[in-house]
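Trainee: compute the structure for the input listed below.
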Amino acid sequence: MPLRRCSDEDGLFRAHSLCRDGSRIDSVADHLKAVSERAAEYAAAFGAADEARLAGLLHDLGKYGELFQRRLRGEASGVDHWSAGAWQALAFEAKGLAAALAVQGHHVGLRCVDALRRLNPTAWDPRMHEGRRLSKPPDGATDELDIPAAAGLPLSIYDHRAPAAAAMLDVRMLFSALVDADFIETEAHFDAKNGQKQYRELGLALKPARALDVLLTHIKKVAQESQAATGVNSLRADLLNACLKKASGPQGRFTLTAPTGSGKTLSMLAFALKHAAQHNLRRVVMVIPYLNIIDQTARVYREILQPIFGVGYVLEHHSLAGTHGDDDGADGVGESQRLQAENWDAPVIVTTSAQFLESLFSNRPSACRKLHRLAQSVVLFDEVQTLPTGLAIPTLATLSRLVERYQTTVVFATATQPAFSHLHDKVKEYCACGWQPEEIVPAAFRLFDRARRTKVVWPEPERRTSWDELAGSLASDDCRRSLCVVNLKRHALELFQKLRDHKVDEDSLFHLSTNMCPAHRRVVLDEVRQRLKDGLPCRLISTQCVEAGVDVDFPVVYRAWGPLDSIAQAAGRCNRNGLLSSGEVRVFVPDDERYPPGAYEQAAAVTRVIAGTRVPDIDDPAMFLEYFRQLYGISRPEDRNRELTDAILRKDFAEVACLYRVIEQDAVNVLVPYQPVEFKKLAEDVRGKVGLTRDWILRARPYAVSLYRPKRDAPIRDRIVPLPAGRGEESDDWFEYVGDAKDYDPKTGLCVAGPIERLLIA
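Mentor: Just a heads-up that it's a prediction; the model follows:
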C-alpha cells in the first residue's frame with residue numbers, strides 16, 4: 001500500500017529528520033514496522049513476541065499527525081507523539097495494558113499502572129499527555145500498518161492479579177524490548193550512508209562450552225603454579241567440582257556459600273558457563289558491589305577469555321569503565337564498549353549492584369533497554385551480604401520472577417550468606433514463588449572447617465583499646481606485615497597519624513579509604529601486594545573498603561568491633577593462601593566506639609548480643625544464619641522502606657524508580673589534585689569545551705572523591721566550585737577542588753583541616 005500523504009513537500013509522513021549524510025528519509029510506516037519486528041525478536045526470548053510487535057506498531061503512532069510533522073520542520077514544540085498509540089493499545093483492554101504502558105513511557109518513562117488502567121479508552125482523556133500538545137493521526141492514516149484485532153492477540157505478559165513486584169517486572173521486560181528496538185532502529189537511520197541504514201555490530205555469542213574449556217584449562221594452569229598450601233588448593237578444586245556438578249541440573253535460585261580465598265570468582269564462572277551450555281543460555285552477568293572488586297574480576301575474566309574470543313567478549317559496565325586496561329584501547333574499542341553498555345549486547349557482563357538493581361527497578365528507557373537481555377541468562381551476585389536490608393524483599397521478589405518466567409538462573413555467592421530464605425513468606429507477597437534457593441556446595445564438603453586458616457582473638461568484655469595502644473602494637477616487629485580495619489575514616493586517619501608518631505617507616509606504612517580517589521587506591525593496593533609478595537614490611541590502615549573480595553594476604557589482621565560479617569570479611573584478608581599454620585585476627589573495641597549510623601550500627605549491636613552468649617565462630621555458616629535472622633528480626637526488612645513497598649503495591653513505576661536506591665547517600669563528585677598534571681588537564685578540558693560529557697566523566701572518575709552533598713553554608717563550599725554542565729548551566733553533582741593542593745595528601749587523600757562535612761563512610 002502506498003504511503004499516506006501529508007502536507008510535507010515530499011508527501012511523506014516522516015518518522016525522523018534526515019539522516020546525518022542527508023541521504024535517507026524514514027517514513028513513519030517504515031520505522032514502525034522495523035521497530036515492531038525488532039521488538040518481537042527481542043521479546044521472543046520470553047514468549048511475548050506478539051505483544052512486543054503490537055507495541056512496536058503503535059509506539060510512534062502520533063507521528064502520523066500533522067502537529068508532529070510540523071515539529072520536524074521546526075514549526076512546533078512540546079508535542080506528544082506517543083499517547084495516541086498508547087490510547088489505541090487501551091482499546092485491547094487487559095490484553096493491551098502492558099503495551100499501552102510501554103508505548104506511553106517510551107520517551108517519558110513508565111508511569112503508574114492503575115492510573116492508566118482507569119482511563120476510558122472510548123473517550124480521550126487529556127491526562128494522557130500531561131499538558132503537551134497531542135499529535136493524533138488522521139482517519140485512515142494507519143491502514144498500512146496491519147494492526148491486529150484484539151481477538152488475534154494472545155494473553156498479555158501483564159496479569160493484574162499477579163503479585164506487584166512480579167507484575168512490574170513483566171511490564172519492564174516488554175518495555176525493554178520496545179525501547180531497545182526503537183533506539184537501534186533510530187540509530188541505524190541517523191547513521192545511514194548512501195540511503196542505507198547502518199546498524200551497529202551485533203555482540204559476540206557466548207559459546208559456553210568452548211568458553212568453559214578455556215576457563216578450565218586456565219584454572220588447571222593456575223593450580224599447577226599456585227604457591228598456596230596444599231589444603232587450600234584441594235579446597236578450591238572441591239569447590240570447582242561442586243559448581244560443575246550442580247551446573248548440570250535444572251535452572252533456579254542458588255546460593256554459593258564458600259570461605260574467602262576458596263576460588264569463588266572462577267568457580268562461579270565455571271558454573272555459569274556449564275549451566276549456559278546445558279540450557280542453551282545466552283549470557284553471563286556478574287554483579288559485584290564494589291568498584292575495586294569489579295576492576296579485579298573483570299581483568300581476570302578478560303585475560304582468560306578475550307585472547308580466544310576477542311575484544312567485546314567481556315563487558316565491564318560501571319562508572320569507571322573506559323578509564324583503564326582494554327577499555328582505553330585503540331581502534332574504536334572505547335566506542336564499542338560504550339555501545340555495548342547501552343543494551344548489554346555482550347556475552348559476559350561485569351557490573352555493579354547499583355547499576356544492575358537500579359536498572360531492574362527503573363522506569364526510564366535508557367536504563368531499562370538492557371533488561372530484555374537478562375532472559376535466558378545466568379546472573380551471579382558476589383558478596384551478596386552487602387544488599388541493603390531495606391531493599392531485600394522487593395529485590396528478592398523481582399529476581400525470583402526472573403527465574404520463574406524468564407529462564408534466568410540466579411546465584412547468590414558469599415562467605416557470609418544472609419538468611420534470605422527466612423524472608424520467604426514476605427517475598428511471596430510480591431512474587432508468588434517466594435525465595436527458597438538451593439545451596440550449590442554439599443554440606444559434606446565441610447569447606448569452612450577445612451578452610452580454618454586463622455585464629456580469632458576476641459576482646460574481653462568492657463575492654464577498650466586506645467589509638468596510642470593500638471599504634472604501639474602495630475608498630476612492633478611481630479606486626480611488620482599487618483592490616484588494621486576500622487569503622488570510620490577519621491579513625492583510620494587518627495590511627496595512621498599515631499603510627500607516624502611511632503616513627504614507623506613511611507615507605508612501609510599505607511592508608512586506604514574513599515578519601516582517596518580510585519586511581520590512588522589502585523596504586524596503593526598494587527604496592528601493598530608487591531611488598532607482601534616480596535616479604536617486605538607493610539602496615540595498612542584501612543576502612544571497610546579493603547574487605548569483601550580484595551585479594552591481599554596478611555599474616556596479622558586487626559579489626560575494630562563491627563558487624564559479624566564484616567569481621568569475617570576482614571579475616572578473609574588474613575593467611576588467605578594458607579601458607580602459615582595459622583594467621584591471627586585480633587578484634588578490638590576502640591575507646592572511641594562509633595559506627596556508621598543505621599544498618600551498620602544495628603549489625604554491630606547484634607554481633608555484641610551473640611558474643612554475649614558464646615564465642616563467635618566466623619567459620620561456622622550456622623552462626624551467620626543465626627546472626628542474619630537476629631538482624632532481620634531487629635531491622636524488620638518488611639518495614640524498613642514502607643514508601644518503596646507501598647509504591648510497588650500501587651505499581652507506580654516512577655515512584656519506585658525514585659525510591660529504590662542501592663546507595664542511599666546523596667553524594668557529589670569532587671575532582672581532586674591527586675595527579676596535578678592530569679587534574680589540570682581535566683579541569684581545562686571541561687571548562688574549555690562544552691561542559692560535562694560522558695567521555696570526560698569516564699576520564700575524571702578515577703581522580704574524583706565522593707562527598708556527602710554539602711549544605712550551602714558548609715565550610716567546604718569555599719574549597720569546591722561547580723563544573724560547567726553545558727548550555728551555560730552549572731553541574732550540581734560535579735565539582736572541582738580549588739583549595740590548597742596540599743589538602744590532598746599523597747598518603748591519605750583529601751584531608752581538610754578544620755570543620756568539614758563527613759566524607760562518605762568507607
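Trainee: for residue 314, phi and psi?
Mentor: phi -110, psi 120 (degrees, to the nearest 10).
Trainee: wait, it touches residue 307, no?
Mentor: No. Residue 314 is beyond contact range of residue 307, at 11.1 Å (criterion: C-beta atoms under 8 Å). No exception for glycine: its C-beta is placed from N, CA and C like everyone else's.
Trainee: centre of the chain to stretch 616-627, how far?
Mentor: Centroid separation for stretch 616-627 versus its chain: 28 Å, with C-alpha atoms, centre = their mean, to the nearest Å.
Trainee: please apply the same query to stretch 168-181.
Mentor: On C-alpha atoms, centre = their mean, the centre of stretch 168-181 falls 19 Å from the chain's centre.
Trainee: can you give me the helices in the stretch 351-500 of the chain?
Mentor: 353-360, 365-368, 392-406, 424-428, 447-450, 467-475, 489-501 (DSSP state H, counting those that start in this stretch).
Trainee: what's the average pLDDT for the longest one?
Mentor: For helix 392-406, mean pLDDT rounds to 97.
Trainee: isn't residue 580 up against residue 555?
Mentor: Yes. Assessed by C-beta under 8 Å, residue 580 is found in contact with residue 555 at 5.8 Å.
Trainee: which helix of the chain spans the most residues?
Mentor: In the chain, assigned by DSSP state H, the helix with the most residues is helix 164-190.
Trainee: which positions in that helix come out as buried?
Mentor: Neighbour-count burial for helix 164-190 flags 164-190 (criterion: 16 or more other C-beta atoms under 10 Å).
Trainee: same question for stretch 609-629.
Mentor: Quick answer for stretch 609-629 (16+ other C-beta under 10 Å): 610-611, 616, 618-619, 621, 623-625, 627-629.
Trainee: can you measure across it, start residue to end residue?
Mentor: Taking C-alpha to C-alpha, to the nearest Å, stretch 609-629 runs 13 Å from one end to the other.
Trainee: repeat that for stretch 189-206.
Mentor: 28 Å.
Trainee: quick one: mean pLDDT over it.
Mentor: For stretch 189-206, the mean pLDDT works out to 94.
Trainee: figure out how far stretch 437-449 is from the centre of its chain.
Mentor: 27 Å.
Trainee: ok, and for it, which residues are buried?
Mentor: Quick answer for stretch 437-449 (16+ other C-beta under 10 Å): 437, 439-441, 447-448.
Trainee: measure residue 20 to residue 187 for me?
Mentor: Using C-beta to C-beta, to the nearest Å, residue 20 is found at 11 Å from residue 187.
Trainee: residue 314 and residue 307: which has the busier surroundings?
Mentor: Comparing residue 314 with residue 307 by neighbour count (other C-beta atoms under 10 Å), the higher total belongs to residue 314, at 27 against 11.
Trainee: how close does the more buried one get to residue 683?
Mentor: Taking C-beta to C-beta, one finds residue 314 at 32 Å from residue 683.
Trainee: lowest average pLDDT across the helices of the stretch 351-500 of the chain?
Mentor: Among the helices of the stretch 351-500 of the chain, helix 447-450 scores lowest, at a mean of 88.
Trainee: helices or strands up against it?
Mentor: Helices and strands touching helix 447-450, by 3 or more C-beta pairs under 8 Å, 6 or more residues apart in numbering; DSSP states H and E, are helix 230-247.
Trainee: so for the helix it packs on, mean pLDDT?
Mentor: On average, helix 230-247 scores 93.
Trainee: what is that helix packed up against?
Mentor: Looks like helix 230-247 contacts helix 208-225, helix 264-279, helix 447-450 (3+ C-beta pairs under 8 Å, 6+ apart).
Trainee: how about 6 Å then?
Mentor: Applying 3 or more C-beta pairs under 6 Å, 6 or more residues apart in numbering; DSSP states H and E, one finds that helix 230-247 makes contact with helix 264-279.
Trainee: following the helix it packs on in sequence, what is the next regular element?
Mentor: strand 283-288 (DSSP states H and E).
Trainee: is it true that residue 749 touches residue 519?
Mentor: No. The criterion here is C-beta atoms under 6 Å, and residue 749 misses it with residue 519 at 10.9 Å.
Trainee: the more surrounded of those two?
Mentor: More neighbours surround residue 749 than the other of residue 749 and residue 519, with 24 against 19 (other C-beta under 10 Å).
Trainee: could you list the domains of the protein?
Mentor: For the chain, automatic domain parsing gives the domain ranges 28-190, 208-442, 453-617, 667-750.
Trainee: which one of those lies nearest to residue 659?
Mentor: Residue 659 sits nearest to domain 208-442 of all those, at 8.6 Å, using C-beta to C-beta.
Trainee: how much distance is there from that closest one to the middle of the chain?
Mentor: With C-alpha atoms, centre = their mean as the basis, the mean position of domain 208-442 lies at 11 Å from the chain mean.
Trainee: what bits of this structure have low per-residue confidence?
Mentor: 1-11, 118-131, 151, 292, 319-334, 549, 635, 664-665, 753-762 (pLDDT under 70).
Trainee: which strand runs longest in it?
Mentor: Taking DSSP state E as the assignment, the strand of the chain that covers the most residues is strand 729-737.
Trainee: convert that strand to PDB, retaining C-alpha atoms only.
Mentor: Output of strand 729-737 as PDB, limited to C-alpha atoms (Å, rounded to 0.1, in the frame of the first residue of the first chain):
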ATOM      1  CA  GLU A 729      24.400  25.800  33.400                       C
ATOM      2  CA  GLU A 730      26.500  24.600  36.300                       C
ATOM      3  CA  SER A 731      26.500  20.900  37.500                       C
ATOM      4  CA  ASP A 732      25.000  20.100  40.800                       C
ATOM      5  CA  ASP A 733      27.000  16.900  41.300                       C
ATOM      6  CA  TRP A 734      30.400  17.500  39.800                       C
ATOM      7  CA  PHE A 735      32.800  20.000  41.500                       C
ATOM      8  CA  GLU A 736      36.500  20.900  41.200                       C
ATOM      9  CA  TYR A 737      38.600  21.200  44.400                       C
END
